[in-house]
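Peer 1: Curious how this folds, go ahead:
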Amino acid sequence: MDEHSHDGEHHEDEQVGRVTSPMQEFSMGQVTTGLIVTIIGLAVVFGLAFALA
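Peer 2: Residues are numbered from 1 along each chain as shown. Sure, this is the predicted structure:
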């Protein structure tokens, strides 16, 4: 069967193992890790800017 057929039909059972990023759930631990990485990144960027100014 052609995976890229353009017959306009959408079969849910064909997409069982496929999940796109916006649909995936995330945990609070992942949110915390993201915030920590963001804060460290901002500190490095602005810290270097202020140190070199």
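
Peer 1: what's the spacing between I40 and T33?
Peer 2: Distance, I40 to T33, using Cβ to Cβ, to the nearest Å: 11 Å. Yep, even glycine has a C-beta here, placed from its N, CA and C like the rest.

Peer 1: er, L52 actually
Peer 2: Distance from L52 to T33, counting by Cβ to Cβ: 29 Å.

Peer 1: Give me the more crowded residue out of these two.
Peer 2: Taking neighbours as other Cβ atoms under 10 Å, L52 and T33 compare with T33 leading, 12 against 6.

Peer 1: check which helix or strand covers the more buried one.
Peer 2: helix 28-52 (DSSP states H and E).

Peer 1: ok, Q24 to T32 distance?
Peer 2: 17 Å.

Peer 1: whoops, L52 was the one
Peer 2: Taking Cβ to Cβ, one finds L52 at 31 Å from T32.

Peer 1: ok, now I39?
Peer 2: 11 Å.

Peer 1: Check G41 too.
Peer 2: 15 Å.

Peer 1: just for the protein, where's the confidence low?
Peer 2: Confidence mapping of the chain against pLDDT under 70 gives the ranges 1-16, 19, 21.

Peer 1: I'd like to know how many residues surround A51.
Peer 2: Neighbours of A51 using other Cβ under 10 Å come to 7.

Peer 1: What of M23?
Peer 2: 7.

Peer 1: What of L35?
Peer 2: Look at L35: counted by other Cβ under 10 Å, it has 10 neighbours.

Peer 1: any idea how far it is from L52?
Peer 2: Between L35 and L52 the computed distance is 26 Å (Cβ to Cβ).

Peer 1: Repeat that for G17.
Peer 2: From G17 over to L52 (counting by Cβ to Cβ), the distance is 49 Å.
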